[in-house]
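[1] With the sequence up front, the predicted model follows.
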Amino acid sequence: MGEASARPRREGRAAAHLGIMCALLALSTAIGLGFHELGFADSSIISLYILSTLLTATVTSGRLYTLLSSALSVALYNFCFVVPRFSLESLDTSYLVTFAIMFVAAIVASELTNHIARNAREARRTAYRTSVLLETNQLLQQADGPESIARIALGQLLKLLNGPVAFYPAEGDGLGSPLVGDGVDEAMPAAIAENARVNALRALRSSKLARDAASAGAAPASAPPATADALEIVAIPMGDGLFLPVRTHDEVFGVVGIRAAERDIDSFELSVARSIIGECALELAREREAREREEAAVLARNEQLRANLLRSLGHDLRTPLTAISGAAAILRDDSGRLAPEQRRALLDDVYHDSLWLIDMVENLLTITHFDEGTVKLALSSELIDDIFEAAASHLANQAGEHRIVIGPAEEILLVRIDASLIIQVLINLVGNAIKYTPAGSTIQLYARREGAFVRVTVADDGPGVADDDKPHVFDRFYSGARAERPADARRSFGLGLALCRSIVEAHGGAIEVHDNVPHGAVFSFTLPAEEVAIHG
């Protein structure tokens, strides 16, 4: 990671370039010897060495290899092709001019080639940096949460700079645990890690001073320039680097530490790095705003639910409680004036109103547990016929003149359910049918197999559910805009069907409502089926 690890890489690259140069010179010499044997002109052989120098300039970096290739080309041509051959002595002084021209031509050609190669490399680097910046914007739009945003920015900075990077998130006036990019030693010594944190904290505080000064309209003398590009160059562990604040005009989200141990970061790279960090800051700001909007929406929804609950409690509980207290007062003050039938009727009213209050409170408590996520399903294998019988038995006293009919199933239907909760669903559905259908109506319960589920149906022959109400009947506190209301309007609390949906969906099923033929309503829901094990 430091100078010690960078030196072997540089030495390996130098050896590779030197090997390429020697290979090109050896190939040119071998071909030149063939040309000489075939009687080709010396200019052809000289061109081979110039070509070798050009190729060396193209595939290697730095002028050293080009100059060395030019000098060796002259020496090899003198040694192999100038009389006396295989000697560095030349009997003809005119060859000195040839050597000089050959050397200068090779140098000029190689410099031009180096210039073109440098321009091509820079163009490729510029295009790559630009593509990294564009890719950053696309990736950040797909990020999910602050940590995902920070890691995407770190990955893009690593691709851009090819050096270790780290992100220190702001937490109050301090910094949280850093997120590190690939290539950063997370197990660095404690003293070095603490030094990095101190430098990052300095950058954070400087950025906050700049932000506060910009907000106040004047920068204090000790504060750095109040701009988004204000950077503080500090020493970071194992090399020199930069600490850049991740900030918008009014918020600092953290600090990014960048280190490039092998080379300096040029101005264009720094500009792209700042752009990436700026995109990261904007995305963090958007994510925070979206989260705050969502939290505000949840709070508003909860507040609306609370208001609806209080309004419903105030309206719907008053009537049964008034009836109970009135009946109790009459019974308490009775001095034998009431006939037994009258006393019985008053006691029945108290009893039924009490049952309604108990059911309402049970529904309210259960749906609250679902909202809090504290409901744990006690799943067991149950016969659907047994569930029907249990629900019908519970509703026997409420049925009155209504007939509850359980339809026989064509096969044994076993379901995997929380029996008490599903019984409560049936009680709510059948109870609604009793409330909203006239005396003498028939309520049917039946079930059938549908693939991996069992569909349970509660059908009545009452007035049915209005089309405008169907999309909302399972919403909380909704009791129907135009539905037939029973005489005791207190029974419009609007939690029973909402609770049914919560329970059915917790079992992995779905609930729906549609019209019965020729009239009435049909509520049906699905439950996970379980295969019946037959032992024989």
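    Yep, it's here.

[2] So which residue is dead centre in this structure?
    In the chain, the C-alpha nearest the mean C-alpha coordinate belongs to Asp144, at 2.3 Å (Cα atoms, centre = their mean).

[3] wait, what's in contact with Arg129?
    Listed by Cβ atoms under 8 Å, 6 or more residues apart in numbering, the contact set of Arg129 reads 160, 268-269, 272. Quick note: C-beta positions are derived from backbone N, CA and C, even for glycine.

[4] change it to 10 Å
    Shown in contact with Arg129 (Cβ atoms under 10 Å, 6 or more residues apart in numbering): 159-161, 268-269, 271-273, 275-276.

[5] model confidence over the helix or strand that contains it, on average?
    Arg129 belongs to helix 94-141 when assigned by DSSP states H and E. Across helix 94-141, the average pLDDT comes to 74.

[6] Tell me which helix or strand comes right after it.
    Heading C-terminal from helix 94-141 (DSSP H and E), you reach helix 146-161.

[7] tell me what that following helix is packed against?
    Applying 3 or more Cβ pairs under 10 Å, 6 or more residues apart in numbering; DSSP states H and E, we find helix 146-161 packed against helix 94-141, strand 165-171, strand 179-180, strand 239-247, strand 252-259, helix 267-316.

[8] Buried ones in that helix, by neighbour count?
    146, 149-161 (16 or more other Cβ atoms under 10 Å).

[9] any idea of the angle that helix forms with strand 252-259?
    Orientation check (axes from the mean of the first three to the mean of the last three Cα atoms, to 10 degrees): helix 146-161 against strand 252-259 gives 30 degrees.

[10] Out of the helices and strands packed on helix 146-161, which one sits most buried?
    With neighbours defined as mean count of other Cβ atoms under 10 Å, the helices and strands packed on helix 146-161 peak in mean count at strand 252-259, which reaches a mean of 26.

[11] what distance separates that one from the centre of its chain?
    22 Å (Cα atoms, centre = their mean, to the nearest Å).

[12] now the angle from that strand to strand 165-171?
    Going by the same axes, to 10 degrees, strand 252-259 makes 160 degrees with strand 165-171.

[13] Parallel or antiparallel, list what pairs with strand 252-259.
    strand 165-171 (antiparallel), strand 239-247 (antiparallel) (DSSP bridges).

[14] Okay, Pro340 and Leu346: tell me how far apart.
    Separation of Pro340 from Leu346 (Cβ to Cβ, to the nearest Å) stands at 11 Å.

[15] Looking at the two, which one has more neighbours?
    Using other Cβ atoms under 10 Å as the criterion, Pro340 and Leu346 rank with Leu346 on top: 18 against 7.

[16] Which strand or helix spans that one?
    Going by DSSP H and E, Leu346 is part of helix 340-372.

[17] same thing with Val458?
    Here Val458 is assigned to strand 453-460, by DSSP H and E.

[18] Likewise for Glu382?
    strand 380-383.

[19] Name the residues of that strand that are buried.
    Neighbour-count burial for strand 380-383 flags Glu382 (criterion: 16+ other Cβ under 10 Å).
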